[in-house]
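Undergrad: got a structure for you, letters missing:
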């Protein structure tokens with residue numbers, strides 16, 4: 001009989017638990033549904049923020065790319081302006097070198113003539 005009373009107690013406990021779960025289940029399901037809705041709303045909000053961030057990054061990337069292209073064009077223009085100036089300086093430098101060589105030759109020739117007169 002002890003086995004039967006134990007079995008009856010188990011069944012009664014299970015039935016009581018089942019009844020309690022049935023009582024609380026709608027409330028629990030309602031809470032779970034609200035949590036699910038809040039998570040879905042947060043997901044939509046995050047998706048919107050991520051989309052805005054992507055657009056912002058794309059815009060900034062395009063702006064930076066345009067700035068780099070403009071900078072490259074300006075550098076090319078500056079280089080085009082500087083090249084003739086550098087070439088002019090190099091030509092002037094070559095002319096100066098030629099004049100210095102001539103001056104040294106003249107000085108050497110005059111020194112040689114002075115040395116011959118003195119001797």
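TA: Cool, got the structure. What you see is a predicted model; the values in this text were computed from it and never measured. Numbering: from 1, shown residues only.
Undergrad: tally of neighbours for residue 105?
TA: 10 (other C-beta atoms under 10 Å). To be clear about C-beta, it is placed using only N, CA and C from the backbone, and glycine gets the same treatment.
Undergrad: from residue 98, how far off is it?
TA: 11 Å (C-beta to C-beta, to the nearest Å).
Undergrad: what about the residue most central in space within the chain, helix or strand, and which?
TA: The residue lying closest to the centre of the chain (C-alpha atoms, centre = their mean) is residue 61, at 8.4 Å. Assigned by DSSP states H and E, residue 61 falls within helix 2-118.
Undergrad: can you give me how far that helix is from the chain middle?
TA: Between the centre of helix 2-118 and the centre of its chain there are 0 Å (C-alpha atoms, centre = their mean, to the nearest Å).
Undergrad: now the residue nearest to the centre of the chain: how far from residue 38?
TA: As defined by C-beta to C-beta, residue 61 lies at a distance of 34 Å from residue 38.
Undergrad: where does this protein have low pLDDT?
TA: Scanning the chain for pLDDT under 70 picks out 1-3, 118-119.
Undergrad: hmm, 90 instead?
TA: Applying pLDDT under 90 to the chain picks out residues 1-30, 32, 44-49, 79-95, 97, 100, 103-119.
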